[in-house]
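1. build me a model:
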Amino acid sequence: MIPINAPQIGEAEIKAVIKVMKSGVITHGLGAGPMVTKFENAFAKYMKAKHAIAVNTGTSALHLAIAAIGIKSGHEVVLPSFTFVATAEAILLAEAKPVFVDINSETYNVSPIEIEKVITKQTKALIPVDLYGLPTDMQQIREIADKHGLAIIEDACQAHGASYKRKPPGTFADATCWSFYASKNMTTGEGGMITTNDAELAEKMRLMRSHGEKEKYKSIVLGHNYHMSEIQAAIGLVQLQRLPKFLSKRRENSRRLSGRLRSAKILRLPREPKGYEHSWYLYTVRLDSKKKRRDKIVKTLRKRGIGAETYYVTPVHLMPYYSRFGSYKLPETEKAAEQVFSLPVHPGVTTRQIEFIGESVLRIIKPIP
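-> I've put the predicted structure just below:
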């Protein structure tokens, strides 16, 4: 099976872990051990941010940013429904209300026009998601946020190495959240990061990351235990160094696959709008047909050993738990959920496998009128 994504772990990562284990320092009481600090500094530099705060998961990063910005009960936070549930989950962990809006049918990212329609006096923040690795139209969202006095928390958990107007994710946000889950463009196994240019917000998140402590046994704010371990940070440092090569291979594989599938008129291929640079976390195509046909194609591809996947088949606003927060009509979101599927383009996929994937897709969709 060619998996949809696969962590690219080599000898350098293994040696880095062994070195940390031999050092005897595998974690730190305040979440700021030497390897974590080094990783934070390197990541901040790569993303051109002033501050980076390492945590144990991408979900923790979202929750920490939301809580530190001051989102609480009675507040509303606007976000797309076409995303992983963690984006909405983090809002509820802060006891605020998620307000779902529709997406742009071409990019699958939140529509700025739809955001403006739902802003109320209770709205305190916006959470755009850089879905599949393609950045959102952040300049327009920043203008909306400034107009209404709102904070922006950018969910860039899939966008390592992407850019918008030649700038990395986070440039237009108050805080930006990243995931290092095993499937991501770079990994620490589990893990996350928050980047920001706000020194006061960064300091607050560092406190909240470790039980609200500025020093041991002296909690000054309500906090959590969101520490990243020294082992995770050691892996992350190596992965960050390898990220440019990972991205180059993803881009090459995506370009080859698009070239192979261009003749398939029934498929809408992923595009990279002018001024945007995709990270190609997921290569997602759209079948302009019904859900049953999409699912049948995916099932057939898997039988051929191709790990095609359907992500976000149930948008968050339609999930049983989240439907209690309002009834929504999000036609573009619901249509995309029934039509899109993703194909493997990660760095471990060979040129020969890309050809096989493309040939298999073309052969399977051919009988469909």
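2. the chain: helices as residue ranges?
-> Under the criterion DSSP state H, the chain contains helices at 11-23, 34-46, 58-69, 86-93, 112-118, 138-148, 199-209, 230-261, 291-303, 331-339, 351-365.
3. with mean neighbour count, mean pLDDT and distance to Val78 added, can I get these in a markdown table?
-> (Glycine included, C-beta is placed from N, CA and C.) Putting the helices of the chain into a markdown table (neighbours: other C-beta atoms under 10 Å; pLDDT from 0 to 100; distance: least, C-beta to C-beta, whole Å) gives the following:
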| stretch | mean neighbour count | mean pLDDT | distance to Val78 |
| --- | --- | --- | --- |
| helix 11-23 | 14 | 97 | 38 |
| helix 34-46 | 19 | 98 | 27 |
| helix 58-69 | 27 | 98 | 13 |
| helix 86-93 | 22 | 98 | 10 |
| helix 112-118 | 16 | 97 | 6 |
| helix 138-148 | 17 | 98 | 9 |
| helix 199-209 | 19 | 97 | 20 |
| helix 230-261 | 20 | 98 | 30 |
| helix 291-303 | 16 | 95 | 27 |
| helix 331-339 | 18 | 97 | 14 |
| helix 351-365 | 17 | 97 | 36 |
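4. now render the ones you listed as a markdown table, adding distance to Met193.
-> Compiled in a markdown table, the helices of the chain are given as follows (distance: least, C-beta to C-beta, whole Å):
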| stretch | distance to Met193 |
| --- | --- |
| helix 11-23 | 17 |
| helix 34-46 | 6 |
| helix 58-69 | 6 |
| helix 86-93 | 15 |
| helix 112-118 | 25 |
| helix 138-148 | 18 |
| helix 199-209 | 11 |
| helix 230-261 | 8 |
| helix 291-303 | 32 |
| helix 331-339 | 28 |
| helix 351-365 | 30 |
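5. which one of those helices lies closest to Tyr283?
-> Tyr283 lies closest, by C-beta to C-beta, to one member of the helices of the chain: helix 230-261, at 5.2 Å.
6. where's Leu64 relative to Pro3, distance?
-> 30 Å (C-beta to C-beta, to the nearest Å).
7. sorry, back to before: Ser105: which of the helices of the chain is closest?
-> Ser105 lies closest to helix 331-339 among the helices of the chain, at 4.8 Å (C-beta to C-beta).
8. and the angle from that closest one to helix 291-303?
-> With axes from the mean of the first three to the mean of the last three C-alpha atoms, to 10 degrees as the basis, helix 331-339 and helix 291-303 are set at 40 degrees to each other.
9. for helix 331-339, give me every contacting residue.
-> Outside helix 331-339, the residues that touch it by C-beta atoms under 8 Å, 6 or more residues apart in numbering are 80-82, 100, 102-105, 108, 111, 286-291, 294, 312-315, 317-318.
10. the helices of the chain: which one's closest to Pro270?
-> helix 230-261 (7.4 Å).
11. gap between the closest one and the chain center?
-> Relative to its chain's centre, helix 230-261 lies at 15 Å (C-alpha atoms, centre = their mean, to the nearest Å).
12. try stretch 271-278
-> In terms of C-alpha atoms, centre = their mean, the centre of stretch 271-278 is found 17 Å from the chain centre.
13. with stretch 339-356 instead?
-> Centre to centre, stretch against its chain (C-alpha atoms, centre = their mean), the figure for stretch 339-356 is 19 Å.
14. and for stretch 270-288?
-> Stretch 270-288 has its C-alpha centroid displaced from the chain centroid by 14 Å (C-alpha atoms, centre = their mean).
15. again with stretch 183-195
-> 9 Å.
16. again with stretch 345-360
-> With C-alpha atoms, centre = their mean, you get 23 Å for stretch 345-360.
17. what comes into contact with it?
-> Contacts for stretch 345-360 (C-beta under 8 Å, 6+ apart): 2-6, 8, 245-246, 249-250, 253-254, 256-257, 260-261, 280, 283, 301, 304, 306, 343-344.
18. close enough to count as contact, Met208 and His63?
-> No - counting by C-beta atoms under 8 Å, Met208 stays clear of His63, with 9.4 Å between them.
19. what residues are shared contacts of these two?
-> His224.
20. which one of the helices of the chain lies nearest to Arg324?
-> That would be helix 86-93 among the helices of the chain, by C-beta to C-beta, at 10.5 Å.
21. what's the closest one in contact with?
-> Contacts of helix 86-93 (C-beta under 8 Å, 6+ apart): 58-59, 62-63, 66-67, 71, 77, 79-81, 97-98, 100, 127, 129, 155, 157, 316, 322.
22. now for the residue lying closest to Thr107 once chain neighbours are set aside: which residues touch it?
-> In space, and not counting its chain neighbours, Thr107 is closest to Leu134: 5.8 Å by C-beta to C-beta, 6 or more residues apart in numbering. Residues in contact with Leu134, defined by C-beta under 8 Å, 6+ apart, are 107-109, 159, 162, 270, 272, 276, 278-279.
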